[in-house]
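Q: got a predicted structure here, sequence first:
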Amino acid sequence: MNDTTVSGPMDAGQAKALLDQANQVGSSVRSGASWPAISFLLGLGAVSSMGILAFTYARLAPDTSVALPSVFMGIWLVILMVTVLFFTRTSKRGFGLRWGVYMGLWGALWIAGMLLSGLTFQGELWFAGLMAALLTVSTTVCAWYEAGR
């Protein structure tokens, strides 16, 4: 680490060196900032896509309930949310807007998948598979995009 002690008036070179050092520290802090969010997006995609498939299979089997998949899905969602909230200390520039887009996309696909697979396409495995694939692809693309920023 560079010595940041300045005695007396600061010249332009010293000021530039200190600003460069501050920018470097800021960049290194932000470089790892998105990993909790990336992990959350990947986990959310996995849990929600597997949930839609589990709910569809549960509806197809006689005398079964969606309670067990619902409980475990809820547990994993809580684990993911607590993890992202606990480990997120800082975020990259513009992350709040991107996060809203990511969650909006996931929410729209999740609601469409749950409603349509339960009402319009009830018991249709091809539709559940399609929605699970869309959830997986969308959350993975969002996570990879965030990782590349």
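A: Structure received.
Q: now do the SS call for the spatially closest residue to residue 49 that is not a sequence neighbour.
A: Distance criterion CB to CB, 6 or more residues apart in numbering; nearest residue to residue 49, sequence neighbours excluded, is residue 132 at 3.7 Å. For every residue, glycine as well, the C-beta is placed using N, CA and C. Here residue 132 is recorded as helix under DSSP: H, G, I helix; E, B strand; the rest coil.
Q: tell me which helix or strand comes right after the helix or strand containing residue 49.
A: Using DSSP states H and E, residue 49 sits within helix 35-60. Using DSSP H and E, the helix or strand that follows helix 35-60 towards the C-terminus is helix 67-87.
Q: that following helix - what's its average pLDDT?
A: The pLDDT scores in helix 67-87 average 87.
Q: any low-confidence regions in the chain?
A: 1-8, 15, 18, 20, 22-33, 89-93 (pLDDT under 70).
Q: report the contact partners of residue 145.
A: Neighbour list for residue 145: residue 98 [criterion: CB atoms under 8 Å, 6 or more residues apart in numbering].
Q: in which helix or strand does it reside?
A: Counting by DSSP H and E, residue 145 is part of helix 125-148.
Q: in that helix, what's buried?
A: Going by neighbour count (16 or more other CB atoms under 10 Å), the buried part of helix 125-148 is 127-128, 130-132, 134-136, 138-139, 142-143, 146.
Q: just to revisit the earlier point, so the residue nearest to residue 49 makes contact with residue 52?
A: Yes. Using CB atoms under 8 Å, residue 132 makes contact with residue 52 at a distance of 5.1 Å.
Q: anything in contact with each of those two?
A: In contact with both residue 132 and residue 52: residue 113, using CB under 8 Å, 6+ apart.
Q: re the thing from before, tell me the helices and strands packed up against the helix holding residue 49.
A: In terms of contacts (3 or more CB pairs under 8 Å, 6 or more residues apart in numbering; DSSP states H and E), helix 35-60 is packed against helix 67-87, helix 95-118, helix 125-148.
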